[in-house]
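S.K.: build me a structure from this.
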Amino acid sequence: MRFSTKAIHVGSEGTQDAAGSVNVPISMSVTFDQKRQKEKFEYGRTANPTRLALERNLAALEEGKHALAFSSGMAAITTLMTALKQGDHVVCVDDVYGGTYRLFSEILMDYGLRFTYVDGTDLKKVKKAVNKDTMMLWVETPTNPLLKVVDLKGIAAIAKGEDLISVCDNTFASPYLQQPLKLGIDAVVHSTTKYLSGHSDVLGGAIVTSDGELHEDLQFAQNAMGAVPSPFDCFLTLRGIKTLAVRMDRHCENAEDIVNFLLKHPAVAKVLYPGIPTHPGHGIAKEQMADFGGMVSFVLKEPARAEKFLRSLEIITLGESLGAVESLIDHPASMTHASIPPEQRAARGIGLGLIRLSVGIEDIEDLFEDLGKALEA
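M.R.: Predicted coordinates for the structure are as follows:
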């Protein structure tokens, strides 16, 4: 079964109700009759038929054996970190989502975990950062917000050589464009809020792995911690996934056109996008991605004009999040990455002129006109 067919059908097998419903039924029950079951259901936090359908679907899309669904992407990340214990060390890419950085640096360090941030595009630096206490390598690719490309095969090789858990946040690419488990990564995390759901109407997260022991430990933590999605949230996510392939094709097509537009605009100093042949990670992206994605970052020549530019947009929405049918634009330094100290943001290249654009599936001419007017405002 190929990707688009999996997206529509996997998870739905055998879930039809007495009426033969095509869509997975929303099972709202909190508890279940222990005498009348085909599968083992006890309590809604532990397992739910609608959530199980979503988890089967997510595992299939990532070519994994197991998946767990959560109430948000951060809930998934927090649960995944229970695989570690006090004193363990994590090597993390330095260009990482601000919420992930905040969790690691402002919460988990207080519980005895330690973190080192390195340029994930330099495998020598990654390997050098590993020490006797290191237990995990954490990467994003493309990264948020600078769209760096990390060599997943290289990361997986380092992890296997050092007996570490390798994790990839695959939110920016989605499983339609990239499947890290097939490249040797141990676990994939998603904010399913983004491309998988695709409509800015449901929060969710996921962990996918083929490691049975890791899955068993995380499933225990999922139940114990309880950060699970509601049955209706699972239904909405499954509904969004059905159109993931066609949406991603349009996101990528529009993003490429937007990149070409921005490259020619005099108000833009630099465009960051893996699909540009001069991008440092272009070659690796061609090898490990089916296309280059719908995320585009760029730097204004006059950073002081960033606020005026953003507030002059009429179609493109100024707001956090990404991966939705509507175009969303973000100012990382003051929004998604504000939790990173200013000196660290500056050192990593997250300046006041940096703009992150999640290109939607609107008519491309309308996006050109909106960006053009705002850049000239």
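
S.K.: so where do the helices sit in the stretch 101-250 of the chain?
M.R.: Counting by DSSP state H, counting those that start in this stretch, the segments of the stretch 101-250 of the chain that form helices are 123-129, 152-162, 174-177, 212-225, 231-241, 244-264.

S.K.: which stretch among the ones you listed comes nearest residue 334?
M.R.: Among those, helix 244-264 comes nearest to residue 334, with 20.6 Å by C-beta to C-beta. The C-beta positions use only the backbone N, C-alpha and C, and glycine is treated the same way.

S.K.: and the next helix or strand past the closest one?
M.R.: Per DSSP states H and E, helix 244-264 leads on to strand 268-272 as the next helix or strand towards the C-terminus.

S.K.: who does that next one pair up with?
M.R.: strand 295-300 (antiparallel) (DSSP bridges).

S.K.: which strand or helix spans residue 286?
M.R.: Judged by DSSP H and E, residue 286 forms part of helix 282-288.

S.K.: OK, contacts around the closest residue to residue 248 other than its chain neighbours?
M.R.: Counting by C-beta to C-beta, 6 or more residues apart in numbering, residue 248 lies nearest to residue 176, which is 4.5 Å off, once chain neighbours are set aside. For residue 176, the contacting residues are 3, 61, 195, 244-245, 248, 290, by C-beta atoms under 8 Å, 6 or more residues apart in numbering.

S.K.: among the residues you listed, which one sits closest to residue 102?
M.R.: Once C-beta to C-beta is applied, the member of those that ends up nearest residue 102 is residue 195, at 22.3 Å.

S.K.: burial check on the closest one, number of neighbours?
M.R.: 29 (other C-beta atoms under 10 Å).

S.K.: just residue 236 next, same as before
M.R.: 22.

S.K.: could you do residue 184 as well?
M.R.: Residues near residue 184, counting by other C-beta under 10 Å: 15.

S.K.: quickly note the distance from it to residue 151.
M.R.: 11 Å (C-beta to C-beta, to the nearest Å).

S.K.: distance to residue 121 and pLDDT added to the contacts of residue 176, as JSON lines?
M.R.: Shown next, in JSON lines, are the contacts of residue 176 (distance: C-beta to C-beta, whole Å; pLDDT from 0 to 100):
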{"residue": "3", "distance to residue 121": "27", "pLDDT": "97"}
{"residue": "61", "distance to residue 121": "26", "pLDDT": "98"}
{"residue": "195", "distance to residue 121": "23", "pLDDT": "98"}
{"residue": "244", "distance to residue 121": "27", "pLDDT": "98"}
{"residue": "245", "distance to residue 121": "28", "pLDDT": "98"}
{"residue": "248", "distance to residue 121": "24", "pLDDT": "98"}
{"residue": "290", "distance to residue 121": "20", "pLDDT": "98"}
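
S.K.: okay, those in JSON lines with distance to residue 67 next?
M.R.: JSON lines is the format used below for the contacts of residue 176 (distance: C-beta to C-beta, whole Å):
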{"residue": "3", "distance to residue 67": "16"}
{"residue": "61", "distance to residue 67": "9"}
{"residue": "195", "distance to residue 67": "16"}
{"residue": "244", "distance to residue 67": "15"}
{"residue": "245", "distance to residue 67": "18"}
{"residue": "248", "distance to residue 67": "19"}
{"residue": "290", "distance to residue 67": "20"}
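
S.K.: nothing else from me, thank you.
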